[in-house]
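Engineer: structure for this input, please:
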Amino acid sequence: MFETEEETKLAEIFRSFIVMDLAKQSAFVRGHDKDGFAMLIVKPRSEKSTNDEAFVATQVFVVERAIATTEALSQGKREMMVVVLDFGKFKSSLAPPWSAIKAIVAILQHRYSERLKRLVIIDPPFWMRTIYGLLRPFLDPDTCAKFVLVSGDKQKTNVFSGFLDSDQAMPFMLPNGTISDSVDIDRFLRTVPFHCLYDDASLAAAVAS
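Structural biologist: Residues are numbered from 1 along each chain as shown. Presented below is the predicted three-dimensional model:
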């Protein structure tokens with residue numbers, strides 16, 4: 001419940017930003033690792049981002065949802081997340097503007113650096129591998145341990161099977177993953193409670209009761 005008309009209008013603006021941006025790039029909280037940390041999954045863009053503010057607002061929104069879901073799963077004991085970035089069908093022409101990327105990186109670094117348990121980047125483009133290779137010697141060992149770059153089915157299976165059960169995996173992560181590849185973003189936004197996994201009916205029922 002917002003206190004002023006101005007706050008209500010601002011909320012509506014950001015809500016429209018998020019709906020617009022998630023129509024161009026799917027990002028959702030689905031599945032959890034073996035330790036119960038929620039997974040934020042980000043898929044390749046289907047359209048170019050034309051609004052920096054919408055891009056940044058959406059990234060913060062899905063990160064907050066992932067953290068809130070881990071908190072719910074752990075009954076308030078944990079607040080970290082696993083992030084999976086899928087570059088399998090990435091097209092550089094559809095990448096967000098560099099200004100938007102710098103803005104969200106700054107926010108994540110200053111506000112969420114301690115909330116990341118693991119980041120897995122699937123089929124990263126060559127330029128990303130090159131930059132990571134150059135930066136890695138200068139990164140803290142604990143930070144380096146959180147980042148994993150994987151390519152091909154064998155590497156994906158080796159990495160994901162180490163921290164993810166098949167009943168919490170989509171097939172693009174593990175060949176025997178039992179979670180459907182199909183995701184209804186509108187359902188994720190409008191029906192799934194903020195602190196629930198996409199498929200978690202038990203938490204959703206608890207909220208409704």
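
Engineer: residue contacts, Tyr198?
Structural biologist: Phe28, Val29, Arg30, Val183, Arg187, Phe188, Val192 (CB atoms under 8 Å, 6 or more residues apart in numbering). Where you see a C-beta, it was placed from the backbone N, CA and C, and this is true even at glycine.

Engineer: where in this protein is pLDDT low?
Structural biologist: 1-3, 139, 201-209 (pLDDT under 70).

Engineer: spatially speaking, which residue is in the middle of it?
Structural biologist: Leu40 (3.0 Å; CA atoms, centre = their mean).

Engineer: element containing that one?
Structural biologist: strand 38-45 (DSSP states H and E).

Engineer: next secondary structure element downstream of that strand?
Structural biologist: Strand 38-45 is succeeded, C-terminally, by helix 52-73 (DSSP H and E).

Engineer: just want the angle from the helix or strand following that next one to helix 52-73.
Structural biologist: Downstream of helix 52-73, the next assigned helix or strand under DSSP H and E is strand 81-86. In terms of direction (axes from the mean of the first three to the mean of the last three CA atoms, to 10 degrees), strand 81-86 departs from helix 52-73 by 130 degrees.

Engineer: which residues does strand 81-86 contact?
Structural biologist: Looking at strand 81-86 with CB under 8 Å, 6+ apart, the contacting residues turn out to be 32-33, 37-44, 63, 66-67, 69-70, 115-123, 163, 172-173.

Engineer: between it and strand 38-45, how many degrees?
Structural biologist: Using the same axes, to 10 degrees: strand 81-86 against strand 38-45 is 20 degrees.

Engineer: which residue, other than its chain neighbours, is closest to Phe163?
Structural biologist: Excluding its sequence neighbours, the residue lying closest to Phe163 (CB to CB, 6 or more residues apart in numbering) is Asp33, at 4.7 Å.

Engineer: understood, closing this out.
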